[in-house]
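[1] after the sequence you'll find the predicted model.
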Protein chains: 2
Amino acid sequence: MTNIRDLAKMAGVSVTTVSRVLNNHPYVSEEKKNAVLKAVKATRYHKNINAVHLSKGKTKLIGVVLPFTDHPYFALLLKGIAKQALEYNHKLLLFQTDYMESRETEALQMLQQKQIDGLIICSRACSMRKIEEYLPFGPIALCECVKGGEISSTYIDHYKIFMDALEFLYRIGHTKIGYCIGRKSGTNSRNRDKAYWDFHEKYHLPHHPEYIFDQCYDYEDGERVLSRVKEMDPPPSALLVTSDQVAAGIVISCNKQQISIPDDLAIIGFDNEPIAGMLNITTIDIPLVEMGRNLVHQVLTKEIKNKEISATLIERGTV
Amino acid sequence: MTNIRDLAKMAGVSVTTVSRVLNNHPYVSEEKKNAVLKAVKATRYHKNINAVHLSKGKTKLIGVVLPFTDHPYFALLLKGIAKQALEYNHKLLLFQTDYMESRETEALQMLQQKQIDGLIICSRACSMRKIEEYLPFGPIALCECVKGGEISSTYIDHYKIFMDALEFLYRIGHTKIGYCIGRKSGTNSRNRDKAYWDFHEKYHLPHHPEYIFDQCYDYEDGERVLSRVKEMDPPPSALLVTSDQVAAGIVISCNKQQISIPDDLAIIGFDNEPIAGMLNITTIDIPLVEMGRNLVHQVLTKEIKNKEISATLIERGTV
DNA sequence: TTGTATGCGTTATCAT
DNA sequence: ATGATAACGCATACAA
């Protein structure tokens, strides 16, 4: 592999001049510039970017932590991240964690080891305290509201959205409302759960802990939820489903089993994933692509900001 | 940032010894080892991985080129790639190309610049000739059959699969068969097209170029296909749909419009995506996760091999 | 078992 | 405008 020293020799100049030419710096005569360029051509020279990284202390790489990519929520978020990263001329280093803390730790360590310039954590498994420890090594952005501190975030007010949706259902007559969620333990999940119970307090509704279904990610999970709902007495008359994919599973299962939607069961999905439009599912639109873009922006500009993104109810045929 | 020289000074040893301790090399006394470890702890030292990269000439990074991640086909492929990369202790650098040649070129150049140790191209936009130019810089694996040469590949025999599916439909009485595809121009697409026309030759069936629909990726595209099919006279009685997501769009549209499947229109989807199981769509199962794993294997073991993966018809309710 | 010296390829500083 | 030289931080051949 040829390096700039070789080029310098060939072109009869110093390495500095070569570097200048390579990086389009000013103060280099046309003559020498051409000599260098000629050497570059002749040797098919290409920079060893690792040397650049070492020298500069930057890699133009952003780490992206997410549990899995084969789910519309994260796929759309990733899409936005990829788009914006491209505009900022940065590449993405992917950490598919399956919610394993050890893999998240790896990502944080890459920040410390300077393999990445910043880190976007789409959904975390480890504690905020641990994440904060790595803050000195580079910017980190999250998808949940973090007040104060040096962590940026782009987030949805899930408490408010959930409450609004519940109130909406209440207004049209529902009092037995359940919800489906992925993990029970995330910050966003806890906010939604709080909204759920606050709502029940507010309207003095009976508590039905069995109306809460977790581990809901895919179509099959929707199917599973419905089969459990069918065995309940009384069953919920409406469900908030935090992924349209799960909502789709419920809707399709209902169709198969002649369960009428929304008469027998009302459904509000989340994310406005493509399938929701197709199946005419009422959903809360979350602008995931926009969120992804903003996360990249936050990481690269290093402004520490907490940006709330608003979600909107899209009324379709399942309520 | 502290470096190994600092550690050496602190521990009263040489940088070599520090390096040995850091990399678990033999021939270092417990005493000195502990001294080094103590210094590491005290300074919260972490390697600058870029220096390692430069020194070793390797990064433990694999580049992954794909047009988009928010499609089940690529999402599942990526899932397999991520799994296997984890086992091999490598990370993934993502190149979302949108089929733009310039972005694919970037990925190839990263190989040349030694930012990645190998490259997996899930679907390519640029020519084989161009890809081959970059082969000297590192292993490359593709998802299409490449005979001879130094490029590895993990592929499906799309000609055979397509032909089998067509013959299957022919046997149960279909003679007016169409197909939906994403890009017209990829190698895999051309193989399928060849099978399509060879099939028509073989059984002396009339040619219906209008039965071919391209740019089919999502649910909406399925919807669009159906609306065009409805206006045809005669319309096709069966469709091969190279993504279950598109097939789902067709099936759902048919349900809405009281078009009976498979009586009015038979559908065979591809990939056995989750939605296919949910909607009981007959499909060709392509083990994408396994393919992804194998691609990583090929890139990292550097064996130049062309591995065919077999696909299987899963008969469900749409034929 | 340990240390010295050099290479990895580039960028940045400073002098001229 | 140009160049010599020192970082950048680590790995490793070779010597001891």
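    Cool, got the structure. Numbers count the residues shown, from 1 in each chain, chains lettered A, B, ... in the order given.

[2] show me the strands in chain A, by range?
    Here chain A has its strands, by DSSP state E, at A:61-66, A:91-96, A:118-121, A:140-142, A:152-156, A:177-180, A:212-213, A:238-241, A:266-270, A:283-285, A:306-309, A:312-314.

[3] so which of the ones you listed is nearest A:Tyr134?
    Closest approach to A:Tyr134 among the strands of chain A is made by strand A:140-142 (6.8 Å; CB to CB). Backbone N, C-alpha and C define where each C-beta goes, glycine included.

[4] can you give the domain ranges for chain A?
    A:4-47, A:59-156+A:289-311, A:158-285 (automatic domain parsing).

[5] could I get the ones you listed as TSV with mean pLDDT, mean neighbour count and distance to DNA strand D?
    As requested, the domains of chain A are exported to TSV (pLDDT from 0 to 100; neighbours: other CB atoms under 10 Å in any protein chain shown; distance: least, CB to the nearest atom of the strand, whole Å):
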stretch	mean pLDDT	mean neighbour count	distance to DNA strand D
domain A:4-47	94	15	3
domain A:59-156+A:289-311	95	20	8
domain A:158-285	97	19	35
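
[6] the ones you listed into JSON lines, with extra columns for distance to B:Gly249?
    Listed next are the domains of chain A as JSON lines, based on distance: least, CB to CB, whole Å:
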{"stretch": "domain A:4-47", "distance to B:Gly249": "44"}
{"stretch": "domain A:59-156+A:289-311", "distance to B:Gly249": "15"}
{"stretch": "domain A:158-285", "distance to B:Gly249": "6"}
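
[7] okay, the residue nearest the centre of chain A and A:Asn306: tell me how far apart.
    By CA atoms, centre = their mean, chain A has its centre lying nearest to A:Cys122, at 3.8 Å. Distance of A:Cys122 to A:Asn306, computed by CB to CB, to the nearest Å: 16 Å.

[8] how about A:Ile156?
    A:Ile156 is 12 Å from A:Asn306, by CB to CB.

[9] ok, now A:Ala75?
    Distance, A:Ala75 to A:Asn306, using CB to CB: 25 Å.

[10] nearest spatial neighbour of A:Ala75, skipping sequence neighbours?
    Using CB to CB, 6 or more residues apart in numbering or on different chains and skipping residues adjacent in sequence, the residue nearest A:Ala75 is B:Asp70, 3.9 Å away.

[11] list the residues that contact that neighbour.
    By CB atoms under 8 Å, 6 or more residues apart in numbering or on different chains, the residues touching B:Asp70 are A:72, A:75-76, A:78-79.

[12] return the member of those residues nearest to DNA strand C.
    Set against DNA strand C, the nearest of the contacts of B:Asp70 by CB to the nearest atom of the strand is A:Leu78 (29.8 Å).

[13] residues contacting the closest one?
    Taking CB under 8 Å, 6+ apart, we find A:Leu78 in contact with A:64, A:66, A:69, A:122, A:292, B:69-70.

[14] which of those residues lies closest to A:Ile314?
    Using CB to CB, those come closest to A:Ile314 at B:Asp70, 18.9 Å.

[15] look up how far B:Tyr211 lies from that closest one.
    B:Asp70 is 28 Å from B:Tyr211, by CB to CB.

[16] so where do the helices sit in the stretch 1-150 of chain A?
    Remark: helices assigned in the stretch 1-150 of chain A by DSSP state H, counting those that start in this stretch are A:4-11, A:15-22, A:30-43, A:49-56, A:72-87, A:101-112, A:128-133.

[17] wondering if the third one reaches chain B at all.
    Translated: helix A:30-43. No: applying CB under 8 Å from any CB of the partner chain, one finds helix A:30-43 out of contact with chain B, separated by at least 12.6 Å.

[18] what's the answer for the last one, then?
    No: judged by CB under 8 Å from any CB, helix A:128-133 stays clear of chain B, getting no closer than 9.7 Å.

[19] just the CA trace of that helix, in PDB.
    Taking Å, rounded to 0.1, in the frame of the first residue of the first chain, the C-alpha atoms of helix A:128-133 are listed here in PDB:
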ATOM      1  CA  MET A 128     -29.400   6.100  33.100                       C
ATOM      2  CA  ARG A 129     -26.700   6.300  35.700                       C
ATOM      3  CA  LYS A 130     -24.500   4.000  33.600                       C
ATOM      4  CA  ILE A 131     -25.100   5.900  30.400                       C
ATOM      5  CA  GLU A 132     -24.300   9.200  32.100                       C
ATOM      6  CA  GLU A 133     -20.900   7.700  33.000                       C
END
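
[20] so which elements touch it?
    Contacts defined by 3 or more CB pairs under 8 Å, 6 or more residues apart in numbering or on different chains; DSSP states H and E place helix A:128-133 against helix A:101-112.

[21] elements contacting the helix it packs on?
    Counting by 3+ CB pairs under 8 Å, 6+ apart, helix A:101-112 packs on strand A:61-66, strand A:91-96, strand A:118-121, helix A:128-133.

[22] let's have these in CSV, adding distance to A:Tyr217.
    As requested, those are exported to CSV (distance: least, CB to CB, whole Å):
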stretch, distance to A:Tyr217
strand A:61-66, 13
strand A:91-96, 14
strand A:118-121, 19
helix A:128-133, 24
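
[23] number of nearby residues for the closest residue to A:Thr43 other than its chain neighbours?
    Leaving aside its sequence neighbours, A:Thr43 sits nearest to A:Thr2 (CB to CB, 6+ apart; 4.3 Å). By other CB atoms under 10 Å in any protein chain shown, the residues close to A:Thr2 number 16.

[24] mind checking how far A:Thr2 is from A:Asn48?
    Taken as CB to CB, the span from A:Thr2 to A:Asn48 is 10 Å.

[25] could you measure from A:Phe162 over to chain B?
    25 Å (CB to the nearest CB, to the nearest Å).

[26] that residue reaches A:Ala195, doesn't it?
    Yes: A:Phe162 is within contact range of A:Ala195, at 3.8 Å (criterion: CB atoms under 8 Å).

[27] ok, A:Val13 - contacts?
    A:32, A:35-36.

[28] in TSV, list those residues along with distance to A:Lys230.
    Formatted as TSV, these follow (distance: CB to CB, whole Å):
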residue	distance to A:Lys230
A:Lys32	80
A:Ala35	80
A:Val36	75
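
[29] DNA strand C: which of those residues is nearest?
    For the contacts of A:Val13, the nearest to DNA strand C is A:Val36 (11.5 Å; CB to the nearest atom of the strand).

[30] so for chain B, which of the strands of chain A sits nearest?
    strand A:91-96 (4.2 Å; CB to the nearest CB).

[31] looking at the helices of the stretch 1-150 of chain A, which is closest to A:Leu205?
    Closest among the helices of the stretch 1-150 of chain A, using CB to CB: helix A:72-87, at 28.8 Å.

[32] near chain B, which residues of the stretch 1-150 of chain A are found?
    So the stretch 1-150 of chain A meets chain B at A:46-51, A:53-54, A:57, A:59, A:61, A:64, A:68-70, A:72, A:75-76, A:78-79, A:82-83, A:86, A:91-96, A:103, A:109-110, A:112-115 (CB under 8 Å from any CB).

[33] contacts with DNA strand C among these, please.
    A:46-48, A:51, A:54 (CB under 7 Å from any atom of the strand).

[34] list the contacts of A:Asp264.
    A:237, A:254.

[35] any idea how far it is from chain B?
    Using CB to the nearest CB, we find A:Asp264 at a distance of 19 Å from chain B.

[36] same deal with A:His174?
    Using CB to the nearest CB, which is the criterion applied here, A:His174 is 26 Å from chain B.

[37] what's the answer for A:Pro206, then?
    Counting by CB to the nearest CB, the gap from A:Pro206 to chain B is 33 Å.

[38] grab the nearest non-local neighbour of that residue.
    A:His200 (7.7 Å).

[39] kindly report the same for A:Met10.
    Nearest residue to A:Met10 in three dimensions, chain neighbours excluded: A:Ala39, at 4.1 Å (CB to CB, 6+ apart).

[40] same check on A:Lys147?
    A:Asn306 (7.1 Å).

[41] show me what that neighbour is bridged to.
    Counting by DSSP bridges, A:Asn306 forms beta bridges with A:Ser153.

[42] that one reaches A:Gly149, doesn't it?
    No: the pair A:Asn306 / A:Gly149 is not scored as a contact, 9.4 Å apart, by CB under 8 Å.
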